[in-house]
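In: Fold the stuff below for me.
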Amino acid sequence: MARYDFLLETYGTERLKTLGVWAQVPVERLRVRSEPRARSPLEHMVHQCVSEDGWMRGMLGIAIAREALPPEETSGALIAHYAACSADRLEAVARMSDEWFEEETQFFDVRRSRAWVLTRRLTHTAHHRGQLTAAIRSWGQALYSTYGPTADTGGLPKDGARTIYRYASAEATLADAGSAPALPTPGDRPVTERP
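Out: Predicted coordinates:
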């Protein structure tokens, strides 16, 4: 096992979480801004595709044969395109040596190791995914897990809640955006660590 396999595993699961959250955005909400300064869900998807492409090519030297964006900017096209691009990138990064991860590269106006830049990329992706999950919640929709149990997957872990992902793989996400597992209710306990 290489020293940086954990980053590959993390990137692999982060891409699935991103695809799962994107699949939860209703088509009728795709172009809706929650606030004038906020991105719409469509703009979040476009930003993820463009930003990840820029970081991977410019900072990490991971160039793939695909364009940053699909020809059509619909949720289905963006989900399929991001699934394909991120799979290609994961495959390319998996071929890199430990030394490659430790070499410095330019990160905006400073130099950092590639491992550091990839870690920062993962947190950047999680940040934008969090913004989308907050929007989904504000619309009154149920949320599937992204890291662990949610109020919609049974409440808190201390109350026996489970982690329930909307899809088990990128292929499942692409195959049927409507076949999500049923979610339990949180029960009668409040979803908080406070009494």
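In: what helix or strand is R111 on?
Out: In this structure, R111 sits in strand 110-113 according to DSSP states H and E.
In: Contacts for the helix or strand that comes right after that strand next, please.
Out: Toward the C-terminal end, the helix or strand that comes next after strand 110-113 (DSSP H and E) is helix 114-138. Outside helix 114-138, the residues that touch it by Cβ atoms under 8 Å, 6 or more residues apart in numbering are 4, 7, 10-11, 14, 17-18, 21-22, 24-25, 29, 34, 38-39, 41, 44, 47-48, 51-52, 55-56, 59-60, 93, 96, 100-105, 107, 112, 143, 146. (Glycine included, C-beta is placed from N, CA and C.)
In: Quick check: which helices or strands does whichever helix or strand comes after helix 114-138 pack against?
Out: Using DSSP H and E, the helix or strand that directly follows helix 114-138 along the chain is helix 170-175. Under the contact definition 3 or more Cβ pairs under 8 Å, 6 or more residues apart in numbering; DSSP states H and E, helix 170-175 sits against helix 5-23, helix 75-94.
In: Make sure G155 is actually in contact with A161.
Out: Yes. Between G155 and A161 there is a contact at 4.5 Å, judged by Cβ atoms under 8 Å.
In: what's the first-to-last distance across stretch 181-194?
Out: End-to-end distance of stretch 181-194 (Cα to Cα, to the nearest Å): 29 Å.
In: Work out the gap between it and the centre of the chain.
Out: 24 Å (Cα atoms, centre = their mean, to the nearest Å).
In: What mean pLDDT does that stretch get?
Out: Here stretch 181-194 scores 80 as its mean pLDDT.
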